[in-house]
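Visitor: After the sequence you'll find the predicted model.
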Amino acid sequence: MRVLCAGSIVRRGEAIAYASSTVTLADTDIGPVLVDTGSASRADDLSRALSEAGVRPEDVRHVVSTHLHVDHCGCDDMFPDAVFHAHSLEDPPVGTHKVHGEARLAPGVRLVHTPGHTRGSMSVFVESDRRYAICGDAIPTKANYDSRTPPSVHFDRALAVRSMDMILGWAQTVVPGHDPPFVVIGKK
């Protein structure tokens with residue numbers, strides 16, 4: 001498990017001026033799995049990070065989109081040979097593997113429906129040296145965790161809170177959508 005590009009978000013008052021998601025690489029029994037691809041404006045950063053990790057774009061066999069906002073899938077075209085996975089409630093494009101509910105992608109890797117930010121938001125739960133939740137905007141920043149508040153952009157606040165609670169009940173380390181990873185207090 002490695003974060004290739006840490007996500008970021010810039011706000012002007014309540015408005016989001018710029019955002020690019022965290023891009024995470026998981027080494028699995030089925031090959032490299034990439035979770036989110038970030039904003040198109042970060043393509044050079046992603047190319048550089050992949051190269052430093054010793055991974056070519058054509059080596060990436062699977063790309064999981066936590067949801068289909070452009071700041072999370074803007075570099076999808078860098079991976080023409082990959083199988084793309086998105087939740088069916090995101091209304092993914094033709095050719096995308098549609099996930100319904102929860103699915104096992106590889107040993108130790110589960111795709112878990114964590115709605116609230118969007119109807120089809122999902123997180124990737126990875127069990128390796130510890131339990132990682134790569135959660136996109138179900139928990140966009142550490143500040144959301146610290147204050148126990150759901151993402152400011154959501155379609156259902158109560159559902160977003162339930163998804164956060166589920167993630168935090170399972171994970172030892174959270175990889176948020178727009179911040180570096182952090183350890184869940186009390187779960188070393």
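Guide: Nice, thanks for sending it over. Remember, it's a predicted structure, so these values are computed and weren't measured experimentally. Residues are numbered from 1 along each chain as shown.
Visitor: buried set for whichever helix in the chain runs longest?
Guide: Taking DSSP state H as the criterion, the chain has its longest helix at helix 157-170. Across helix 157-170, burial judged by 16 or more other CB atoms under 10 Å covers 159-160, 163-164, 166-168, 170. Backbone N, C-alpha and C define where each C-beta goes, glycine included.
Visitor: center of this protein - which residue?
Guide: Of all residues in the chain, the one closest to the mean position by CA atoms, centre = their mean is G136, 3.6 Å from it.
Visitor: my read: that one touches D71, true?
Guide: No. Applying CB atoms under 8 Å as the test, G136 and D71 come out as separate, 10.0 Å apart.
Visitor: what residues are shared contacts of these two?
Guide: Residues within reach of G136 and of D71 at once, by CB atoms under 8 Å, 6 or more residues apart in numbering, are S21.
Visitor: residues touching the nearest residue to A6 once chain neighbours are set aside, list them.
Guide: The shortest distance from A6 to any residue other than its chain neighbours is 4.9 Å, reached at P180 (CB to CB, 6 or more residues apart in numbering). When contacts are counted by CB under 8 Å, 6+ apart, P180 touches 3, 6, 22, 142.
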